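Trainee: Sequence unavailable; structure follows:
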């Protein structure tokens with residue numbers, strides 16, 4: 001990772017042995033990552049305010065010599081921390097493993113041979129090749145440059161690209177905005193400019209909308225719980241219960257209402273989802289992006305490699321003047337951004353690579369008869385590239401290649417014959433480039449403003465056949481409620497033809513030229529009816545995606561080129577592929593090892609499954625624990641003792657949460673995966689207010705049985721409510737987890753079934769264990785369990801009836817749409 005002032009910029013580059021020696025001495029070319037160590041993750045667990053309050057309570061109990069309560073509270077805190085730490089630690093390791101699978105490559109010259117290597121193997125002195133779209137892999141000094149400019153915003157904050165001449169310095173992490181260059185590496189890893197900043201700014205990434213939703217929801221419950229807990233404390237204190245016991249009881253009830261394991265449930269779900277997707281070639285760079293992917297309603301994508309095979313082949317050349325096909329192809333090889341060494345293409349865009357691969361030996365020999373004087377690499381905004389050459393006959397020519405629209409716009413005259421030839425070439429879905437020439441004066445840099453008064457010379461046709469499975473993938477995404485929109489630099493005719501061949505219903509096509517005439521309001525109105533956006537620039541792509549988001553839709557964007565980076569940043573979920581340019585992979589949240597919409601559909605389903613299971617826990621936790629709080633408040637009015645000891649409430653909550661840890665494994669009904677899903681606070685609140693009191697009805701029934709039939713003293717009463725409460729709220733998951741009839745039309749996962757039944761059995765056994773007396777329990781008579789069985793059956797039956805009514809209710813159905821069907825946002 002050392003810096004160097006060596007000038008190892010000779011064309012042969014370093015030798016392999018010398019590079020290996022420098023790699024051993026300086027270490028790999030990688031930055032220090034903000035890895036969360038085990039200690040940091042463990043410390044983070046104690047940021048929970050309720051956990052700190054519990055620790056304070058345990059300390060207070062020790063001071064008051066109530067060692068049993070203190071021991072129980074500390075044990076519960078220890079188990080809770082251990083569980084959360086285990087999940088967070090495994091999640092952190094999973095993310096690091098996934099990121100490690102996304103590697104960058106660099107083109108380097110060693111032993112006189114140009115090759116691709118992993119960027120971590122770069123060493124000071126290496127000679128590297130750079131082209132538009134590359135992320136500069138190390139600090140370096142430019143030794144050759146052609147219209148070379150770098151976007152250094154990540155380092156300097158400067159928004160405009162900086163042109164770089166020979167001997168200029170370029171820096172790790174900046175992006176090649178245009179042109180091409182060769183450079184000699186001067187520093188790697190920690191020794192780079194960016195490496196020094198990274199050490200100081202190694203902070204975790206900002207929260208996503210989903211994370212903020214979770215956090216805000218938890219804070220809302222904390223505020224509600226604080227008010228209710230204060231009321232319960234005051235009520236118990238006024239009824240002459242011990243002030244300390246009343247405080248601990250209210251605190252325990254408050255902790256019971258908060259979904260303490262919600263972050264753990266989400267973490268387990270996301271980690272499992274990421275591992276599952278990784279097996280199918282989907283690399284998740286940030287776990288929460290899986291859930292965001294599930295929310296996508298509109299997916300913007302290019303057609304090349306997504307709808308088509310991505311194997312572009314040169315088809316033929318149609319001369320528009322007297323030139324032969326061989327002469328046309330020779331000129332096209334001259335106006336070409338592909339990097340060629342020893343007759344083989346090292347790197348370059350797909351069209352230029354296809355031209356070189358298809359060129360015959362005689363065509364290549366014809367191209368070598370010209371001498372290149374100046375070169376203008378492809379400009380995305382202008383959609384042309386150009387070269388000034390000295391022809392064998394001594395003439396200086398300007399050769400320009402680009403989209404037919406861009407080329408014809410710069411020609412002096414375009415007749416009906418040329419226009420007709422272009423339309424015929426585009427009609428069958430081929431990708432078409434136009435070639436034009438003009439006399440040129442040597443001796444000055446080649447610039448866009450001199451490219452005018454051209455003469456059309458030829459049309460170049462390329463083929464890229466639709467994927468055999470493209471139609472099935474599109475149909476699958478459509479069934480998931482995701483609209484596919486195409487954003488492409490190709491002509492509208494080509495894009496429409498390909499889309500129609502694979503079954504996409506094309507409503508309207510909007511070109512980049514027409515888009516420039518629209519204000520933002522007009523663009524948002526056009527989005528609803530437009531399927532294809534053709535001949536669009538990178539800035540226009542970003543504007544389209546931004547407008548779609550402003551229209552209230554969650555947007556995904558699949559892109560792999562340098563011109564896609566801004567769109568990837570604008571989208572809710574940026575998706576790229578492993579073969580993409582570096583800047584696209586860096587901007588993406590998700591990287592596909594293959595450009596496959598079918599695999600992407602798997603990711604959407606996984607995101608929706610995770611969200612649905614998360615909502616199950618939220619609905620379960622808030623409704624049942626709200627019922628417990630309601631029951632505790634009611635019991636305090638007529639009991640001379642606390643209905644349950646604080647430590648018993650905490651133990652009950654811990655066991656209940658343990659059973660719910662299996663929710664991430666649960667099956668999800670098909671209809672819950674068919675539409676995007678979002679948080680809806682009004683829906684959750686209604687659910688809590690309706691189903692919580694139903695739970696309390698059976699708590700009160702249990703209170704009556706314990707007092708009237710069993711004449712229960714305090715330990716026996718508490719044992720009865722403990723067992724009944726744990727059983728009913730745990731078993732309720734089988735009803736609440738689905739809108740269908742449970743078990744008959746919707747079966748839970750085996751893990752959830754086993755975990756729930758095991759916790760219910762454990763809770764029933766606790767009053768009989770040797771240390772039950774220390775916990776404040778007493779053995780229950782066998783008759784209690786017969787009554788409990790009837791209570792559970794009646795509770796689940798009433799719960800099922802209430803669920804059917806709840807989802808049939810028009811007001812609730814409308815509220816539920818916001819999180820089930822994703823038709824609008826709720827705050």
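Mentor: Thanks, I have it. Given the structure is predicted, the values throughout are model-derived calculations rather than measurements.
Trainee: and the longest helix along the chain, average pLDDT?
Mentor: The longest helix of the chain (DSSP state H) is helix 597-636. Mean per-residue pLDDT for helix 597-636: 84.
Trainee: what's the offset of it from the middle of its chain?
Mentor: From the chain centre to the centre of helix 597-636 is a distance of 21 Å (Cα atoms, centre = their mean, to the nearest Å).
Trainee: That helix: which residues count as buried?
Mentor: For helix 597-636, the neighbour count (16 or more other Cβ atoms under 10 Å) marks 597-633, 635-636 as buried. The way it works is simple: take the backbone N, C-alpha and C, and place the C-beta from them, glycine included.
Trainee: isn't residue 412 right next to residue 456, touching?
Mentor: No. Here residue 412 does not reach residue 456: they are 9.4 Å apart, not a contact under Cβ atoms under 8 Å.
Trainee: of those two, who's got more company?
Mentor: In this view residue 412 and residue 456 are compared by other Cβ atoms under 10 Å, and residue 456 has more residues nearby, 25 against 11.
Trainee: So that one belongs to a strand, correct?
Mentor: Yes. Counting by DSSP: H, G, I helix; E, B strand; the rest coil, residue 456 falls inside a strand.
Trainee: Need the nearest residue in space to it, chain neighbours excluded.
Mentor: residue 320 (4.5 Å; Cβ to Cβ, 6 or more residues apart in numbering).
Trainee: Provide a list of residues in contact with that neighbour.
Mentor: Residues near residue 320 by Cβ atoms under 8 Å, 6 or more residues apart in numbering: 417, 418, 421, 456, 457, 458, 459.
Trainee: and those as CSV, adding pLDDT and distance to residue 790?
Mentor: Output for the contacts of residue 320, formatted as CSV (pLDDT from 0 to 100; distance: Cβ to Cβ, whole Å):
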residue, pLDDT, distance to residue 790
417, 88, 91
418, 89, 88
421, 89, 86
456, 92, 89
457, 90, 90
458, 90, 87
459, 92, 83
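Trainee: what about the strands in the stretch 51-200 of the chain?
Mentor: Under the criterion DSSP state E, counting those that start in this stretch, strands of the stretch 51-200 of the chain are mapped to 105-110, 113-118, 127-131, 139-151, 162-163, 169-170, 175-187.
Trainee: Quick check: which element contains the nearest residue to residue 639 once chain neighbours are set aside?
Mentor: What sits nearest to residue 639 in space, not counting adjacent residues and going by Cβ to Cβ, 6+ apart, is residue 717, at 7.7 Å. Using DSSP states H and E, residue 717 sits in helix 714-731.
Trainee: Can you name the next helix or strand after that helix?
Mentor: helix 733-736.
Trainee: Please name every helix or strand in contact with that next one.
Mentor: Applying 3 or more Cβ pairs under 8 Å, 6 or more residues apart in numbering; DSSP states H and E, one finds that helix 733-736 makes contact with helix 597-636, helix 750-765, helix 782-808.
Trainee: If we use 10 Å, what do you get?
Mentor: When contacts are defined as 3 or more Cβ pairs under 10 Å, 6 or more residues apart in numbering; DSSP states H and E, helix 733-736 packs onto helix 597-636, helix 646-660, helix 681-704, helix 750-765, helix 782-808.
Trainee: can you put these in JSON lines and add distance to residue 498?
Mentor: Below are the helices and strands packed on helix 733-736 laid out as JSON lines (distance: least, Cβ to Cβ, whole Å):
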{"stretch": "helix 597-636", "distance to residue 498": "14"}
{"stretch": "helix 646-660", "distance to residue 498": "48"}
{"stretch": "helix 681-704", "distance to residue 498": "42"}
{"stretch": "helix 750-765", "distance to residue 498": "45"}
{"stretch": "helix 782-808", "distance to residue 498": "43"}
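Trainee: The stretch 401-550 of the chain: strands as residue ranges?
Mentor: 431-439, 455-463, 483-487, 508-511, 530-534.
Trainee: Identify, out of these, the most deeply packed stretch.
Mentor: strand 431-439 (a mean of 23; mean count of other Cβ atoms under 10 Å).
Trainee: Neighbouring strands of it in the sheet, and parallel or not?
Mentor: Using DSSP bridges, the strands paired with strand 431-439 in its sheet are strand 396-402 (antiparallel), strand 455-463 (antiparallel).
Trainee: Including distance to residue 513, could those strands go into JSON lines?
Mentor: Output for those, formatted as JSON lines (distance: least, Cβ to Cβ, whole Å):
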{"stretch": "strand 396-402", "distance to residue 513": "15"}
{"stretch": "strand 455-463", "distance to residue 513": "20"}
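Trainee: can you tell which of the ones you listed is closest to residue 130?
Mentor: Nearest to residue 130 among the strands paired with strand 431-439 is strand 396-402 (21.8 Å), distances taken as Cβ to Cβ.
Trainee: In the closest one, which residues are buried?
Mentor: By neighbour count with 16+ other Cβ under 10 Å, strand 396-402 contains the buried residues 396, 397, 398, 399, 400, 401, 402.
Trainee: go on, stretch 775-789?
Mentor: For stretch 775-789, a neighbour-count test (16+ other Cβ under 10 Å) marks 775, 776, 777, 778, 780, 784, 787, 788 as buried.
Trainee: looking at it, the fifth one is touching residue 763, isn't it?
Mentor: No. Because the distance of 11.2 Å does not satisfy Cβ atoms under 10 Å, residue 780 is recorded as not touching residue 763.
Trainee: What pLDDT is listed against residue 167?
Mentor: 89.
Trainee: what sits against it?
Mentor: Residues in contact with residue 167 (Cβ atoms under 10 Å, 6 or more residues apart in numbering) are 141, 142, 143, 145.
Trainee: in the stretch 701-827 of the chain, which segments are predicted with low confidence?
Mentor: 810-827 (pLDDT under 70).
Trainee: Next one: the residue nearest to residue 639 from residue 123, what distance?
Mentor: 75 Å (Cβ to Cβ, to the nearest Å).
Trainee: Could you do residue 631 as well?
Mentor: 69 Å.
Trainee: what's the answer for residue 194, then?
Mentor: 17 Å.
Trainee: of these two, who's got more company?
Mentor: Comparing residue 194 with residue 123 by other Cβ under 10 Å, the one with more neighbours is residue 123, at 28 against 21.
Trainee: Leaving out chain neighbours, which residue sits closest to that one?
Mentor: Excluding its sequence neighbours, the residue lying closest to residue 123 (Cβ to Cβ, 6+ apart) is residue 22, at 3.8 Å.
Trainee: Report the buried residues of the helix or strand hosting that neighbour.
Mentor: Per DSSP H and E, residue 22 falls inside helix 16-26. Within helix 16-26, the residues scored as buried using 16+ other Cβ under 10 Å are 18, 19, 22, 23, 26.
Trainee: Could you do stretch 548-562 as well?
Mentor: 548, 553, 554, 555, 556, 557, 558, 559, 560, 561, 562.
Trainee: Output those residues as TSV; include the columns secondary structure, distance to residue 688 and pLDDT.
Mentor: Shown next, in TSV, are those (DSSP: H, G, I helix; E, B strand; the rest coil; distance: Cβ to Cβ, whole Å; pLDDT from 0 to 100):
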residue	secondary structure	distance to residue 688	pLDDT
548	helix	34	92
553	coil	29	84
554	coil	26	85
555	strand	32	90
556	strand	32	91
557	strand	37	92
558	strand	39	91
559	coil	42	84
560	coil	45	79
561	coil	48	71
562	helix	50	63
